[in-house]
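1. Pasting the sequence and the predicted model now:
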Amino acid sequence: MSRVLLIEDDRAVREGVTLTLRRRGHEVEAAATGEAGLTALDAFRPDLVLLDLMLPDKSGFEVCRRIRATQQIPIIMLTARGDDIDVVLGLEAGADDYIVKPARGEVLEARIRAVLRRAAPPSTAAAPTPRRNARPPRCTATSPSTARACSSPRTARTWRSPPPR
């Protein structure tokens, strides 16, 4: 699946989230401090960062801003702070999503997939489906020979002049 960098200071949460994500097929690197997370970012090369706000050495907002200053990697804030102002500040700091702990594994997995889907380059995105009942393209034949290729009732035999505009 994907490579996830988890920056979380609470050991129990760090181990629980790591176990949950590994069971779902993700490769996980965990860091207990903001500085350790920034160091692991270069070495691990994750597809996504799960970031706690309340870290012992730096705030999660600061870590998010430092990541955004150099990379456009998807960032999901995973934190116990659920006030509206914290959500707004997290998103404005550069986070792509914000999850309030505790979060079930299914929710975490769905949010990770959604953020990675939005971050995927356009070439990997599915082509748009054609509209149902769309009109066929207009025939723009200008001579009897090209009129044969059109699905219009005008054929080379009945060709007279171009239709009025």
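-> Yep, it's here. Quick caveat, the model's predicted, so the values are computed rather than measured.
2. Work out for me the element the spatially most central residue of the chain sits within.
-> Against the mean C-alpha coordinate of the chain, by CA atoms, centre = their mean, the closest residue is residue 118 at 2.3 Å. Under the criterion of DSSP states H and E, residue 118 resides in helix 105-119.
3. mind listing what's buried in that helix?
-> 108, 109, 111, 112, 115, 116 (16 or more other CB atoms under 10 Å). For glycine as for every other residue, the C-beta is placed from the backbone atoms N, C-alpha and C.
4. Closest to residue 54 out of the residues you listed?
-> Comparing those against residue 54 with CB to CB picks out residue 108 as the nearest, at 18.3 Å.
5. In contact with the closest one, which residues?
-> Shown in contact with residue 108 (CB atoms under 8 Å, 6 or more residues apart in numbering): 17, 20, 21, 78, 99.
6. want to try JSON lines for the buried residues of helix 105-119, with pLDDT and distance to residue 35 as columns?
-> Listed next are these as JSON lines, based on pLDDT from 0 to 100; distance: CB to CB, whole Å:
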{"residue": "108", "pLDDT": "91", "distance to residue 35": "24"}
{"residue": "109", "pLDDT": "91", "distance to residue 35": "28"}
{"residue": "111", "pLDDT": "91", "distance to residue 35": "26"}
{"residue": "112", "pLDDT": "91", "distance to residue 35": "24"}
{"residue": "115", "pLDDT": "90", "distance to residue 35": "24"}
{"residue": "116", "pLDDT": "90", "distance to residue 35": "26"}
